[in-house]
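Engineer: pasting the structure only:
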């Protein structure tokens, strides 16, 4: 059981569903008026770095287009999937979602929960990110580009998502797993919880031993990461 809350995870742990800890990074909307208001709450060096990254793309003439729900068409999905495959190939990964998954998705009512952010230089498509809208959370999950541009990843995955959340009163942005660099962009590290049951008893004990040791390292990492708060005290 993945991404369960702490209370239920602790309860399941007492019933033999072994608990595992992880760390993900979340951005919270503290009733910011706009993106500049959000920036003003960051430490000076973090604020300057974000402004520099955004100005770099602006000076290149790169613009961004956000499409939501039924505004998203098959051409948008095909461009996104090319980006998705490009990212997978760079990481020597496995494209476990095929093209038909996304093309069929936009034919269903679930398309209302989709958000695509596209980057262009004049009329040339550069890359995009895809996000999913929850009740009060924007979930960023995949991104990719057809042309490498410095800082484009941060803009498509973080800054545009934050700006959209502020404008639309969304309380939280989740940008997926990994990436200590997210802290400098205003994302806060937090524990995540999953629970696991093992049918093979000969494997259960060594896995439990590993998870116990891993738990110590995860808590140590979280303590260290919390010492790098990007916001003004």
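Structural biologist: Happy to help now that I have it. Bear in mind the structure is a predicted one, so any value in this text is a computation, not a measurement.

Engineer: Work out for me the element the residue of the chain positioned farthest from its centre sits within.
Structural biologist: Distance from the C-alpha centroid of the chain peaks at residue 202, with 36.2 Å (Cα atoms, centre = their mean). Element membership for residue 202 (DSSP states H and E) is helix 201-226.

Engineer: lowest confidence element among the helices and strands of the protein?
Structural biologist: Least confident element among the helices and strands of the chain, by mean pLDDT, DSSP states H and E: strand 172-177 (a mean of 86).

Engineer: Next, the angle from whichever helix or strand comes after that strand to helix 201-226.
Structural biologist: Moving toward the C-terminus from strand 172-177, the next helix or strand (DSSP H and E) is strand 188-196. Between the axes of strand 188-196 and helix 201-226, defined by axes from the mean of the first three to the mean of the last three Cα atoms, to 10 degrees, the angle is 170 degrees.

Engineer: mind listing the helices for the chain?
Structural biologist: Along the chain, counting by DSSP state H, helices occupy 6-13, 35-40, 44-59, 74-90, 99-105, 152-154, 160-167, 201-226.

Engineer: Can you add mean pLDDT and distance to residue 119 and give the ones you listed back as TSV?
Structural biologist: Yep, even glycine has a C-beta here, placed from its N, CA and C like the rest. TSV is the format used below for these (pLDDT from 0 to 100; distance: least, Cβ to Cβ, whole Å):
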stretch	mean pLDDT	distance to residue 119
helix 6-13	96	37
helix 35-40	97	17
helix 44-59	96	8
helix 74-90	92	10
helix 99-105	91	18
helix 152-154	95	6
helix 160-167	97	9
helix 201-226	94	29
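
Engineer: mind checking which of those helices is nearest residue 68?
Structural biologist: helix 160-167 (9.0 Å; Cβ to Cβ).
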